[in-house]
Structure formats: structure tokens, C-alpha cells
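**Student:** Could you work out the structure for the sequence below:
(chains A and B)
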Amino acid sequence: MTEDTILEVRNIVKLFPGVRALSDFSLELKRGEIHGIVGENGAGKSTLMNIISGNMAPNEGEILVEGNMVSFENSRDAQNCGISIVHQELMNCPHVSVAENIFMSTIDSSKSKFMNYKKLCKDAADLLEVFDVHIDPRQTMKNLSVSDQQIVEIVKAISNDSKIVIFDEPTASLTEQETTQLFRIIHDLKKRGISTLYISHRMEEIFLNCDRVTVLKDGKFVDTLIVAETSRDQIISKMVGRDLSDFYPPKSGDVGDAFFEVKDFSNGKFFHGISFSLKKGEILGLSGLVGSGRTELARAICGVDQSESGTIYLNGEQLVINNYRDAIKHGIVYLTEDRKTEGLMLNMSIMQNISVLDLDQVSNGFFMSYDKEKKQAQTLSSEMNVKSTSIAQKTGTLSGGNQQKVLIAKSLSISPKIIFMDEPTRGVDVGARVEIYNKLRELADKGIGIVMISSELPEIIGMCDRVLVVHEGKINGEVCGVDIAEETIIHKASGY
Amino acid sequence: MLGSVDTTLAKGSSVSGWKKITQMREFSILMFLIGVIVVMSIVTPNFAKIDTLVNVLYNISTDGIIVIGMTAALICGGFDLSVGAILGFTCATTAQLFLKFHLNIWVAALLSIAIAIGIGAANGFFITKLKLSSFITTLAMMGIVRGAIYVVTKGVTLSVKAADPTFLAIGKGKLFGVIPNLGIICIILVIVFDILMRRSKLFRKVYYSGSSEKAARMSGINTTKVTFGVFVFTAGLAGVCGVLSLMRFSMSAPTLGTGTEMLVISAAVIGGCSLNGGEGSVLGAILGVILLTIVSSSMTLLHVSTFWQQLVTSLILLIAVSVDSISEKAKAKKLMLGS
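**Tutor:** Residues are numbered from 1 along each chain as shown, chains lettered A, B, ... in the order given. Got it, this is the predicted structure:
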């Protein structure tokens, strides 16, 4: 171990019932380094972070902080050794002040039995000032924006002289601008000699911030790479264990005539005067920055949310869509980006989730027909290759990839004509991803119109025959064929 | 926890039918119920008599009907605390419309049930349109309606002995001179609604709405209409029970139905309803009612002080949900091991 190593993890093994979450994993973190941790879903990233931050105890292995062997009973022990974690989901008390949130862990150890709000607020203000952010420490936490809340959590994390801060997918709920602010703070930490473990599945962020990156696969250490000396593709192929070339299915050779048209859609707030058409056999991408209005547009077209103006034509016929039920009747479905709260009923079975869009199909008059429902679920779930114990399995117990497959199976139940897919592979492992990509292409070849919204550019580039780039609620350009490339899309997405 | 919709799946799974049945929530309560009956039959010779059965049928009749509505409310992800008050109110207004306004007792009964449905619609309005929680809404409604009883009756017990004998005969009569009519009405309604909740499209939407309101809405289901309908349904059934009570007792006491809501919620939860919605069955709920009723009457037969009864029934509730929570965790662990 060298002088400037602050944290060393040696031969960690963590077993869960039936699963080897981490096996023989080792990692070395240098002082003042921003160290990325990447891996597929289920690779063991979260388990590793939970062990380092004291939330879980490893079955085997050692943790050394500044050369001293340590063992953590709980997260407090880890904090005392200078290790803090900023969780993916905000973990704060929304009803109390910023200052109290920052010092929650130390309030207990102060000598007085009473709260000294004045001192608390002053200390909090001092800490916040360091980051050059304007947050009132007396403010109630829930009144802050998500990014400000996250900054408070970062401040909380370093409030007790942390030497190591762990970030678990910190940008998941941030806008581009907020993300930039977060990156500034992380680099600020680096300048002050604080080391960062940065978990993310977004490659761009790894390349923007990290000095080195460690790749995990199936709970095992794959490699630690110096970011400046590697490439995106190299990292991904290490994560996946194979080459990227066979990731996406070949694009459509022959695209037919336009059969679905959207004219002059506005909702007064998120998007204005949007018109586009969709051709038979093509996959149309809606790209743009987070918050550019892509999702809102798709939801409005499908009648999920209200719009002020706009008309829709399917095969030359104008459709009246006042709510989502109307859209379903016309064979237009929207697959939500928020699978767990909006997409599936998690405590109900695969079968019951698939049948929900049109109960008439699986009933005899007033009564449900169990046989029809079962047959429908078996047909569609085997078509989508859903891996489950039976169609009676509750969707909440499925993996992200299988949940997404059930969601697609559900939309297929009504033989849709147009499918809007919002973030089709969010939280989906690579294996299922490839299956979903192939399925989407197959559906498009069958003549079903596919509109794909995605924040992941490689996905848009790999899958779409044509891409509409949305910027601040307007379509800022269309790219197709060989022009579909990262630079052109980013260029248009930024408003040029 | 296995709710009614799951039970329809029993035949379709790879697990053998019998094994699936034994895993059902309804099965374990039934076993427990049989256990209580067997023990009681041995301990007190008076228990294993037709009288006991008749008594139980009398006692479960109104609770057994109200629990149908409560099951729907729980499956929909809410609950209705106002059912006991609505029961008392319907009983009181029927009596008062008959006594003061000299309406025909049947007309008075129908009018009162219509008012009960109106109260349910008010509950539904506050819950779906103003998005108040069902707890607060129906808690307030419980107080309002209970207060209205005192306003309507001035706190007096009203007697309708002079009413149409057919009306009163329904409440007191027994089929073949043995089985109380009210018990039969209850059993018929339970069977009908158990089947409807398992099999009908209409009630399937209640399960969907309760399981995840957002996901149901994103599947084109009008969850507002579903929830509204459920609270109207619950109140309507409570109204019917108010009239049945008047038929049975020929009088209306202002305290009638006090505490019914808690007993019925306990029974439904013991029977497998989840307070988080999406789960439960009428069969389970009625078994819960029967269990609590039999335990109460057993204690009376054993000369246990009535003071103990509430303690014991509540203890059963706590034990039932604890056992449930533990077995759920075990199941989840098993699933994890299997993967």
C-alpha cells in the first residue's frame, strides 16, 4: 500500500441467502481521488457501498482506512472513521429545518438537554457557505428543490470531517443544470483532499468526473482503469463481458408511408406547436435533455395529461382523444418511464397485470374468464420471454428487466397500433435489454409504430431510424440515417 | 397474504390444488375456527347445539353484511369508519319517518336507505374530489351521522311495534322455524358478493385501483369512479343493515351500531384484507366475523366476564396480523433462496 492510499478493501465476500453478492472483491482508493464504480444492475455496487459505509457487515475480508484495519458495526462507526454516503434516494426528514438535518447525528452528543437553534443555524450556514450555495439553514427541508436537498445531504455527509464520500447514482433525479452544480461540488471536495467513490451507470458522468474507474461484474472485480487512458466502449465491454456490436438489431431497410400524424401539439407550458409524423416500419426517437418536454409531449398525445391544442391522425382519420382510455381504444399506448409506481401493480400477478388494459377480452360478459385470462398471459409472457416461476407470480418480485417485459406484454394485449416507450430500458440489465431491443424492432417490422424516448443517447443512436430532437418544448431538428450520431443530436438538443 | 383474486389462480399453478388451498388465508382461519368449535364442544356441553348455531347466525347477520362493503373499501385501499353510524341512522330515520310522518314503513325504509347511499356519496365526494384521506373523511362522517341520530330521535329509543307485521316478521322469522331469515339474507349476500368480487370485471377494477391507483389510472381505469362507487356501496349495505335491525328489534336505539366499524375492520383484516389495498376476499372477511362472534359467545358460555371479551378479540387481531407478517417475510426469504 502506498502513502496516498486512504481506503483499501481486501478480498470482501458478501453472501445473501442463495446469492453470492460479492466474491473476493478488492479496491484501493487514493487521497483526493474521484473513483468511479460501474457495473450492471445487480453487479454488487450497492452491496459494496453498504459494506464500506457500515450498513452491512461482510462475511469475509478486510477494510483498511489510512492503513488501519477497521470493522464497522453500523454506519455511525463508518462515519467516525470519516466515511459518509449520499444515498441515491434522498434520506432526510422533510418537516424539519436544513440545519437540523445537517447535524441530526450530532444533536444527541451535545451536552445540553435543550436545542441551541442559533448555534445550529450558524454552523450550518458556515458549512453551506463553503460550497457557495444559497440555502437558508432555517428553511424547512421539504421546501427545497431536489438538488438543494441533495446539496444539504452532501453537506451533512462531510459535516463530521469526512475523508471519503460515497455517491450512489447522485444524478438520477437531477436536471442538467443541477447536475452541473453537483459536479462542481464534487470537484470542490477533491480540491480539499476528500476522496469520492462515485457510482453511476451514466458513462458520460464517469468521463466528466472520475480519475479512475473500477468495473464490477457479477460481484467480482473486473478491472480498475485510468479514465484518461480508456474509452467508453472498453468500459462497457468489460461490464458486459462481450462486444457492443451485437447489442442492437439491424435497422429497418424499407420504411413505408406515414400513417400516424401529430399536428400542432401545445400545452402552454412544456411544449409548443409540435408536429411530426410516423412511418410504417420505423422506430422514431424523441431525444433531448431531461426536462425538454419529451415525456410531457408523449403523455399529452396519449391523453394521459391534458393538452391545450393538437390533433392526431391515424391512417388519415382524425382521432378524438380526451383521456388515456380513448387512446387505448384507438390502439395507442404509452409505456411509462416510472414502471414501479405507474406501470405495474406490484402486488398483483403477471397475469392480472397483462389483462388490465382490456378486461372484455378476458371475460364472458359480466364475469372474468379465468381460462381466457390465463391463456392470454401465457401467450404474451412467453412471447416476451418473461422469466418467472408462473404467471401467478407477483410482478413486484420480478427483476427490472422482467417487469419491463411484462409492461410490454400488457401493451401488446390490445394489439396496439402505436407504442410510445418512455425510457424502455431504465433499470434493465443488459441481457433483457438486448431482448427488448430485438422485440421493438420486430414489432416495428410488423407495422406497429414505435416512438422511443430515451435519455441514453447510445440507445437512441443504436435503435432509431429517425430522431426528433426536442429543445425547450420545440422540435429543434430531425436527423435520420447516417446523421444519427452523438455530436449532431447533442448539438441540436442544446438549442443550436 | 392471499386475497380472493389469487385464489382464482389456484387451479392454474403448477403447485397441486390442495397444497394451494392450504396456503390460502381463508383456509387457516377456517382451521382456527374449527379448532375453537371443537375445543368449545368438549369444554361446554351446551355449545354443540342447534341453538348456538342459530344465535351465531343472528349475531353475524348485520356485521356479516357490512363486512362485505368494508372488504370492498379495504381492497380499494381505504376504509369506512362511518358504517356503524349509518346503520344506526338508517334504523332511526326509518322509525321516525314511520312514527312522525306516518309514512308506510316500507317507503320509510327505502327512503332511509336512499339517504344512507347519499351519505356514502358524500364520503366518496370528499375522498375522490377533494382527495381527503378516507380515515379523516369517514371519521368525521361517523361523528356527523351519529350526531344526526340524536337530532332526529332526540335521544329517545323509538318503537315501531305498530308497523306492518310482514315487515317485522322478516326480522324475527325463521325458515322452517329454525334458521333465522336474517342469517339467510346475510349468507346469500355473502355468497353473491364473494363470487362477484372474485369473478366480475366490476370488482376486479376495485382490486386494481387499490393495488396501485396510479398504475390503474395509467391502464385506463377510472379510479375516481371506482372509489366513489365503493363508498356508496359500503354505505348502502350499512343502510340495508339499519333496516334489517329495525325489522329484528322493532325499535331503534340511538347507540345502535356503535363500534360496528372497528369489529368489521378487525374481522376483514383477520380474514386477509390488507390495509394497503389490493388484497382480501369476502369469504375471508365473513370467516373473520364468524370467528370473532364465536369467540365472544364462547366466552359468555364459559362465564368469562364481558370485560374480557374486547380484550380477547383485539388480541386475536394482533396475533393474526403478526402471524401474517412473519409468514410473509418467510415467504419472501424462500423466494430469495429460490432465485
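**Student:** Which element, helix or strand, includes the most centrally placed residue in chain B?
**Tutor:** Nearest residue to the geometric centre of chain B (Cα atoms, centre = their mean): B:V67, 0.9 Å. Here B:V67, judged by DSSP states H and E, is contained in helix B:50-75.
**Student:** Buried residues, that helix. List them.
**Tutor:** Within helix B:50-75, the residues scored as buried using 16 or more other Cβ atoms under 10 Å in any protein chain shown are B:52, B:55-75. C-beta here means a position set from N, CA and C on the backbone, and glycine is covered the same way.
**Student:** do the same with stretch A:174-192
**Tutor:** A:174-175, A:178-179, A:181-183, A:185-186, A:189-190.
**Student:** Next, the buried residues of the longest helix along chain B.
**Tutor:** In chain B, with assignment by DSSP state H, the single longest helix is helix B:306-338. Neighbour-count burial for helix B:306-338, counted by 16+ other Cβ under 10 Å, picks out B:309, B:313, B:316-317, B:320-321, B:324.
**Student:** Centre of the chain to it, how far?
**Tutor:** 20 Å (Cα atoms, centre = their mean, to the nearest Å).
**Student:** wait, what's in contact with the residue in the stretch 151-300 of chain A that chain B sits nearest to?
**Tutor:** Residue nearest to chain B within the stretch 151-300 of chain A (Cβ to the nearest Cβ): A:R299, separated by 9.6 Å. If a contact means Cβ atoms under 8 Å, 6 or more residues apart in numbering or on different chains, then A:R299 has A:305, A:334 as its contacts.
**Student:** On the three-state scheme, the residue of the stretch 51-200 of chain A found nearest chain B is what?
**Tutor:** Using Cβ to the nearest Cβ, the single residue of the stretch 51-200 of chain A nearest to chain B is A:M56, 15.3 Å away. Put simply, A:M56 is coil when judged by DSSP: H, G, I helix; E, B strand; the rest coil.
**Student:** thinking again about what came up before, which neighbouring elements make contact with the longest helix of chain B?
**Tutor:** helix B:260-270, helix B:282-301 (3 or more Cβ pairs under 8 Å, 6 or more residues apart in numbering or on different chains; DSSP states H and E).
**Student:** all strands for the stretch 1-150 of chain A, in order.
**Tutor:** A:5-16, A:19-30, A:34-38, A:60-65, A:68-70, A:83-86 (DSSP state E, counting those that start in this stretch).
**Student:** Report the residue spans of the stretch 101-250 of chain A with pLDDT below the cut-off.
**Tutor:** A:108-110, A:173, A:241-246 (pLDDT under 70).
**Student:** Flag every residue of it that's near chain B.
**Tutor:** Where proximity means Cβ under 8 Å from any Cβ of the partner chain, the stretch 101-250 of chain A presents no interface facing chain B.
**Student:** returning to what we had before: sitting in helices, which of the buried residues of stretch A:174-192 do you find?
**Tutor:** Members of the buried residues of stretch A:174-192 lying in helices (criterion: DSSP H): A:178-179, A:181-183, A:185-186, A:189-190.
**Student:** Domain map for chain A?
**Tutor:** A:5-240, A:258-493 (automatic domain parsing).
**Student:** which stretch among the ones you listed comes nearest B:A140?
**Tutor:** B:A140 sits nearest to domain A:5-240 of all the domains of chain A, at 24.1 Å, using Cβ to Cβ.
**Student:** Relative to A:S454, how far out is the residue nearest to A:I408 when sequence neighbours are not counted?
**Tutor:** The shortest distance from A:I408 to any non-neighbouring residue, by Cβ to Cβ, 6 or more residues apart in numbering or on different chains, is to A:M384 (5.7 Å). For A:M384, the distance to A:S454 equals 19 Å [Cβ to Cβ, to the nearest Å].
**Student:** residues in contact with B:L81?
**Tutor:** B:135, B:138-139, B:141-142, B:261.
**Student:** where do the strands sit along the stretch 101-250 of chain B?
**Tutor:** All strands of the stretch 101-250 of chain B, identified by DSSP E, counting those that start in this stretch, fall at B:158-159, B:174-175, B:179-180.
**Student:** any idea which of those is most buried?
**Tutor:** For the strands of the stretch 101-250 of chain B, the largest average neighbour count (mean count of other Cβ atoms under 10 Å in any protein chain shown) is found in strand B:179-180, namely a mean of 19.
**Student:** tell me which strands and helices that strand is in contact with?
**Tutor:** helix B:50-75.
**Student:** Would the helix it packs on count as contacting chain A?
**Tutor:** No: judged by Cβ under 8 Å from any Cβ, helix B:50-75 stays clear of chain A, getting no closer than 11.4 Å.
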